[in-house]
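[1] my questions concern the predicted model and sequence given below.
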Amino acid sequence: MVYGFASLHPRVCFLYFALLLSFCMLFLHPLLLGATLAAVIGLNLSLDGGRALRRSIGGYMILALFIFIVNPLFSSRGATILFYVWDRAVTLESVVYGALFSVSMLCLLIAFTALNLVLNPGKLLLLLSPIAPQTAFAVTVTMRFVPLLTRRLKAIMTVQRAMGYFTDGMGRRRYAREAMETLHALVSWSLEEALQTAASMRSRGYGIGRRSSADEQTMDGRDWLVCWVLLVVGGNSLIGRLMGVHAYEVYPRLEPLGESPLGWLHLASYLAFLALPLIMNEKERLHWRHIRSNM
Amino acid sequence: MIKGRTGWAVYALCFAAAGAVLLATMWRRELYLPLSLLMVFLAMLPFFIRFERRRLRAEELLLIAMLGAIAAVSRIPFAPLPSVQPVSFVVIMAALVFGAETGFLVGAIAAIVSNLFLGQGPWTPWQMFSWGMIGFTAGLLRNTRFMGSLWGKNLFGLVWGFLFGWIMNLWGLLGFVETLNWQVVFASYAASFAFDLTHGLSNVFFLTLFSGIWLKILGRVKLKYGLLEH
């Protein structure tokens, strides 16, 4: 069921994720990074119980680990030397930097997992169609072809298997050759048919006038409210960051994690930004629990 | 088709914006990743603006969509063979028959659509760009003697196998490595060498064995329906 944050207008969701992804790329302050990581994991949990995240987290961890290891190996900046590897100094600062970078990459990847849950292909196309109608149309048609072609590929491969062309234990080269035969059959079958579809589209009046795009969802009061809140807290965090608030300096020595009064303000607005979708989702869930318990 | 002054204004604007982005990277090291993403968008923008402005026949649009879909699903029969995928091959073939613009669109749309099914990530724009550029460059070279010969096509496929991997490595390098020197770049390219080599060699394999028949199939469709002739 779509509720809470995911039920907002796609444009508002898009604005949120555009801001969130840029924060993932911009913030390197340990405190803010930690908050971001917790928030994006929480967002995934509140969206689908973390199912999508669990499928992909393994690959993400490998990437993050790679980033974590690469930095201290190639950078000897920093004042606190921990030990030497092949006559190269490994410093505390470069290890911390690598760790911060790898957390920031994790945040980015996990935020994308949440984005894929909220902005499904339909919503993304809805966003694209007013800006680039022809491209959105081409992408829609292509998307419609993918399941069709997948079914056809399976049918063709079944035939090939029945005729004994695909056998167990055939070599890579022979397999690749045979799989290409599958594609040939698919191409000659489908290209011809696509052109017939086109003729049929034209006979129904494709291309006569301007393409109109229907948007069944309009921005309602709640969407505007969230939009304004996002602009205030998100804009504040973004501008603050670009002006140098919470710009964490690792070199030459780790900067102590002190907060200036303005830093607190910045932190508060960023935390509000992160918490917004979580609050919306949990509010709906509690509301539903309440209704159910009164039934 | 963008005509006359507006067209040039759009391209000039893209160039100016790209220049501004480049200058900005000089001052702000921590902005490399967002700015590089912006750069990739700017690089693809003129193609899409041109596509939007074109009045396409239904056949042409359907052909681009179908080729994109074929490129996107062409991985499926090869699923048991790790890191062998004919997507680049299909894009090259489409570009050789239908030209540079169509080549770009087929590559970019194949990337968008396969990511719509597999999930978007920070790699999506880079993939769109890389496959789009494979198609674009193949289309630009299609009437040269170099691309006419099998050796030329194979060299093209091999080189793009590596270039593709190198471009795809960039988003990790630009965003998440602190000292961007040649050692780091070489290390990351060495780490992806096996994958890039497989990609390049499978391109060579497909181009050697199957480019003839694909050119024939696609050329026949083009001739029969008189499509995308410029």
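    Arrived safely, thanks for sending. Numbers count the residues shown, from 1 in each chain, chains lettered A, B, ... in the order given.

[2] low pLDDT regions in the chain?
    All of this is about chain A. The model of chain A has pLDDT under 70 over residues A:1, A:76, A:211, A:213-216, A:252.

[3] that's the wrong chain, I meant chain B
    B:1-5, B:28-30, B:178-180, B:228-230.

[4] in this structure residue A:13 contacts residue A:120, no?
    No: Residue A:13 is beyond contact range of residue A:120, at 10.4 Å (criterion: Cβ atoms under 8 Å). No exception for glycine: its C-beta is placed from N, CA and C like everyone else's.

[5] how's the chain carved up into domains?
    Using chain A here. A:4-125+A:220-294, A:126-203 (automatic domain parsing).

[6] nope, chain B please
    Taken from automatic domain parsing, chain B resolves into B:1-55, B:56-225.

[7] okay, these in CSV with distance to residue A:238 next?
    Formatted as CSV, the domains of chain B follow (distance: least, Cβ to Cβ, whole Å):
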stretch, distance to residue A:238
domain B:1-55, 11
domain B:56-225, 17
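
[8] out of those domains, flag the one nearest chain A.
    domain B:56-225 (3.5 Å; Cβ to the nearest Cβ).

[9] okay, the domains of chain B in a markdown table with distance to residue A:98 and mean neighbour count next?
    Below are those laid out as a markdown table (distance: least, Cβ to Cβ, whole Å; neighbours: other Cβ atoms under 10 Å in any protein chain shown):
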| stretch | distance to residue A:98 | mean neighbour count |
| --- | --- | --- |
| domain B:1-55 | 15 | 15 |
| domain B:56-225 | 8 | 20 |
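
[10] who wins for proximity to residue A:163 among those domains?
    Closest to residue A:163 of these is domain B:56-225 (Cβ to Cβ; 15.1 Å).

[11] pull the distance from that closest one to the chain's centre.
    Distance of domain B:56-225 from the chain centroid (Cα atoms, centre = their mean, to the nearest Å) equals 5 Å.

[12] that older thread, what's the closest of the domains of chain A to residue B:97?
    So among the domains of chain A, domain A:126-203 is nearest, using Cβ to Cβ, at 11.0 Å.

[13] that closest one and chain B, are they touching?
    Yes: interface with chain B: domain A:126-203 contributes A:132-135, A:137-139, A:141-143, A:145-146, A:149-150, A:153, A:157, A:172-173, A:175-177, A:179-180, A:182-184, A:186-188, A:190-192, A:194-195, A:197-199, A:201-202 (Cβ under 8 Å from any Cβ of the partner chain).

[14] elements contacting the helix or strand where residue B:102 lies?
    Taking DSSP states H and E as the definition, residue B:102 sits inside helix B:100-118. With contacts taken as 3 or more Cβ pairs under 8 Å, 6 or more residues apart in numbering or on different chains; DSSP states H and E, helix B:100-118 sits against helix A:121-131, helix A:133-162, helix B:32-53, helix B:58-73, helix B:87-98, helix B:124-140.

[15] now distance to residue A:285 too, for these, in CSV please.
    Converted to CSV, the helices and strands packed on helix B:100-118 look like this (distance: least, Cβ to Cβ, whole Å):
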stretch, distance to residue A:285
helix A:121-131, 22
helix A:133-162, 32
helix B:32-53, 34
helix B:58-73, 37
helix B:87-98, 42
helix B:124-140, 31
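
[16] what about these, which gets the closest to residue A:72?
    helix B:32-53 (19.6 Å).

[17] which helix of chain B spans the most residues?
    helix B:193-225 (DSSP state H).

[18] got the angle between that one and helix B:58-73?
    Angle of helix B:193-225 versus helix B:58-73, following axes from the mean of the first three to the mean of the last three Cα atoms, to 10 degrees, is 160 degrees.

[19] how about the nearest residue to residue 114, chain neighbours excluded?
    Assuming you mean chain A. Counting by Cβ to Cβ, 6 or more residues apart in numbering or on different chains, residue A:114 lies nearest to residue A:43, which is 4.7 Å off, once chain neighbours are set aside.

[20] not quite, I wanted chain B
    Per Cβ to Cβ, 6+ apart, closest to residue B:114 is residue B:72, 4.3 Å.

[21] wait, what's in contact with that neighbour?
    A:142, A:146, B:87, B:110, B:113-114, B:117 (Cβ atoms under 8 Å, 6 or more residues apart in numbering or on different chains).

[22] got JSON lines for the residues you listed, with distance to residue A:253 too?
    Shown next, in JSON lines, are these (distance: Cβ to Cβ, whole Å):
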{"residue": "A:142", "distance to residue A:253": "53"}
{"residue": "A:146", "distance to residue A:253": "53"}
{"residue": "B:87", "distance to residue A:253": "48"}
{"residue": "B:110", "distance to residue A:253": "49"}
{"residue": "B:113", "distance to residue A:253": "49"}
{"residue": "B:114", "distance to residue A:253": "46"}
{"residue": "B:117", "distance to residue A:253": "48"}
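
[23] any idea which of these is closest to residue A:162?
    residue A:146 (24.9 Å).

[24] which ones are touching that closest one?
    B:69, B:72-73, B:113, B:117.

[25] please tell me how far the residue sitting furthest away from the middle of chain B sits from residue A:287.
    Residue farthest from the centre of chain B, counting by Cα atoms, centre = their mean, is residue B:27 at 30.1 Å. Using Cβ to Cβ, to the nearest Å, residue B:27 is found at 48 Å from residue A:287.

[26] check residue A:36 too.
    27 Å.

[27] between those two, tell me which one has more neighbours.
    residue A:36 (25 against 12; other Cβ atoms under 10 Å in any protein chain shown).

[28] same for the helix or strand hosting that one, what does it pack against?
    For residue A:36, the enclosing helix or strand under DSSP H and E is helix A:30-48. Judged by 3+ Cβ pairs under 8 Å, 6+ apart, the packing partners of helix A:30-48 are helix A:10-26, helix A:51-74, helix A:92-118, helix A:261-294.

[29] need the contact list for the most centrally placed residue in chain A.
    In chain A, the C-alpha nearest the mean C-alpha coordinate belongs to residue A:112, at 1.7 Å (Cα atoms, centre = their mean). Residues near residue A:112 by Cβ under 8 Å, 6+ apart: A:21, B:119-122.

[30] run the last query once more with 10 Å
    A:17, A:20-21, A:24, A:40, A:56, A:60, B:119-124 (Cβ atoms under 10 Å, 6 or more residues apart in numbering or on different chains).

[31] what's the closest of those to residue B:189?
    Closest to residue B:189, out of all of the contacts of residue A:112 and judged by Cβ to Cβ, is residue B:123, at 16.7 Å.

[32] identify the residues contacting the nearest residue to residue A:149 once chain neighbours are set aside.
    Nearest non-adjacent residue to residue A:149, counting by Cβ to Cβ, 6+ apart: residue B:73, 4.6 Å away. By Cβ under 10 Å, 6+ apart, residue B:73 lies in contact with A:145-150, A:152-153, A:183, A:186, A:190, B:87, B:90, B:110, B:113-114, B:117.

[33] at 7 Å what do you get?
    A:146, A:149-150, A:153 (Cβ atoms under 7 Å, 6 or more residues apart in numbering or on different chains).

[34] and if you look at residue A:138?
    B:61, B:64-65, B:109.

[35] make JSON lines from the residues you listed and add distance to residue A:271 to it.
    What follows is the contacts of residue A:138, written out as JSON lines (distance: Cβ to Cβ, whole Å):
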{"residue": "B:61", "distance to residue A:271": "47"}
{"residue": "B:64", "distance to residue A:271": "46"}
{"residue": "B:65", "distance to residue A:271": "44"}
{"residue": "B:109", "distance to residue A:271": "40"}
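
[36] which one among those residues gets closest to residue B:101?
    residue B:64 (9.5 Å).

[37] that closest one contacts residue B:108, correct?
    No: taking contacts as Cβ atoms under 7 Å, residue B:64 lies outside contact range of residue B:108: 10.2 Å.
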